[in-house]
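[1] What would the 3D arrangement of this be:
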Amino acid sequence: MLTMSIPRRTHLSGVPRLSSYAAWWLLGVGMFLVIMIWSEAIGMPARFPRWGYLSIGTLATISMGLRAANLRTASDYVALFGLLGMFSSLFNALCCLALTTNAPLADAAYARADAALGFDWVAYHRWLQSDPNLQWLLKICYYSAGPEIVGCAVLLCLLGRTRDYQHFVWSLLISLAIAATFNAVAPALGAGYFYGANEPFWVAGLLAIRAHTGNVASAFGSVSFPSFHTVIALLCPYAVRYVRWLVLAVLILNGAMLFSIPIEGSHYLVDMIGGGVTAVLAVVLANYVMSRFESVY
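    Alright, predicted model coming up:
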């Protein structure tokens, strides 16, 4: 008997089908419900800003509309960017909620680890304070992280580097999950606060949340270990490594950002080492996630 082999339906490499995207959106809804129930239970109702609901809802609607119009590539771009925004907000709230458990702060342990590595945070801070121009330049590099993520994502889309874009977003999502997990287990307020050298703008909000006041959905949920800025400083150059006319500039920008992280981000050196390990692990896991999706088709 002759048999006919029917070719399997193919899809954009590395991107989950609609049902898989729906699963990620449902996971986000589940995390949102956990946050709302947890915050209500401890008498600190989470109040997410309305623009957050509007922006995430708009991106989800646009993605579904594009997919319905059979514009799958555009739909995938929008969906992944929407997921990144949604999970960033949710993980931030979970980091804040972790502080309400009154788990012991890990600052002293991180400071001891720095000392064992021979890093003197106070001396480094004093050195940067002696050069205002250098401090100003490094501050700009540090706060370029957010715009840089958006810029790299948009550029990869415009250049049609679909797989690099997908891998970049998956790596960021995985890094967020790792960072939020560590922050829940070993929260810290940062080297600047610990050494009394400076108090980052987010510390007051975190101390208020630790005292069970404030809004966990709007506070800046700082992650000490691992340093997420270090993750960004490594993932952005990796994402644009094949864009030859840009990669050198991105490497220089993020190299400077690495020098700014201990002071501007109030990070310990071990935070940055943890960020480096997290970035490498996220790249490996993103490759695995994308290969698993590919194997479905």
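[2] excluding its backbone neighbours, what's nearest the most centrally placed residue in the chain?
    The structure's the chain has its C-alpha centroid closest to L176; by CA atoms, centre = their mean the separation is 4.2 Å. Closest residue to L176 apart from its sequence neighbours, by CB to CB, 6 or more residues apart in numbering: F91 at 4.8 Å. C-beta: built from backbone N, CA, C; applies to glycine.
[3] hang on, the one you found packs against I174?
    No: counting by CB atoms under 8 Å, I174 is not a contact partner of F91; they are 11.3 Å apart.
[4] Now do the shared contacts for these two.
    Contact with both F91 and I174 is made by no residue, according to CB atoms under 8 Å, 6 or more residues apart in numbering.
[5] Who has more neighbours out of the two?
    Neighbour totals were compared for F91 and I174, and F91 leads with 24 against 21 (other CB atoms under 10 Å).
[6] Can you tell me the element the more buried one falls in?
    Using DSSP states H and E, the element containing F91 is helix 72-99.
[7] same check, this time on D114
    helix 107-117.
[8] That helix: what's the following helix or strand?
    According to DSSP H and E, the helix or strand after helix 107-117 is helix 121-129.
[9] In terms of secondary structure, what does that following helix contact?
    helix 132-142, helix 191-195, helix 244-264 (3 or more CB pairs under 8 Å, 6 or more residues apart in numbering; DSSP states H and E).
[10] And the contacts of that helix?
    Residues contacting helix 121-129 (CB under 8 Å, 6+ apart): 111, 114, 134-135, 138, 191-192, 195, 197-198, 262-263, 268-269.
[11] Sort those by pLDDT and name the bottom one.
    Lowest in pLDDT among those is N198, which has 74.
[12] Distance-wise, check the residue nearest to L176 relative to R210.
    F91 is 18 Å from R210, where distance means CB to CB, to the nearest Å.
[13] now swap in I263 and tell me
    I263 sits 23 Å away from R210 when distances are taken as CB to CB.
[14] quick one: low-confidence parts of the stretch 101-250 of the chain?
    For the stretch 101-250 of the chain, applying pLDDT under 70 flags the ranges 199, 214, 217-222.
[15] thinking again about what came up before, of I263 and R210, which one has the most company?
    I263 (23 against 19).
[16] Going by secondary structure, the closest residue in space to L251 that isn't next to it in sequence is in what exactly?
    Nearest non-adjacent residue to L251, counting by CB to CB, 6+ apart: P237, 5.0 Å away. Assigned by DSSP H and E, P237 belongs to helix 228-239.
[17] between that helix and helix 72-99, how many degrees?
    160 degrees (axes from the mean of the first three to the mean of the last three CA atoms, to 10 degrees).
[18] Need the winner for burial among the helices and strands packed on helix 121-129.
    Per-stretch averages of neighbours, counted by mean count of other CB atoms under 10 Å, single out helix 191-195 among these, with a mean of 20.
[19] helices or strands up against the helix holding D114?
    helix 191-195, helix 269-294.
[20] Just the angle for whatever helix or strand comes next after the first one relative to helix 72-99, thanks.
    Toward the C-terminus, helix 191-195 is succeeded by helix 203-210 as the next helix or strand (DSSP H and E). With the same axes, to 10 degrees as the basis, helix 203-210 and helix 72-99 are set at 70 degrees to each other.
[21] Give me the buried positions along helix 203-210.
    Across helix 203-210, burial judged by 16 or more other CB atoms under 10 Å covers 203, 205-206, 208-210.
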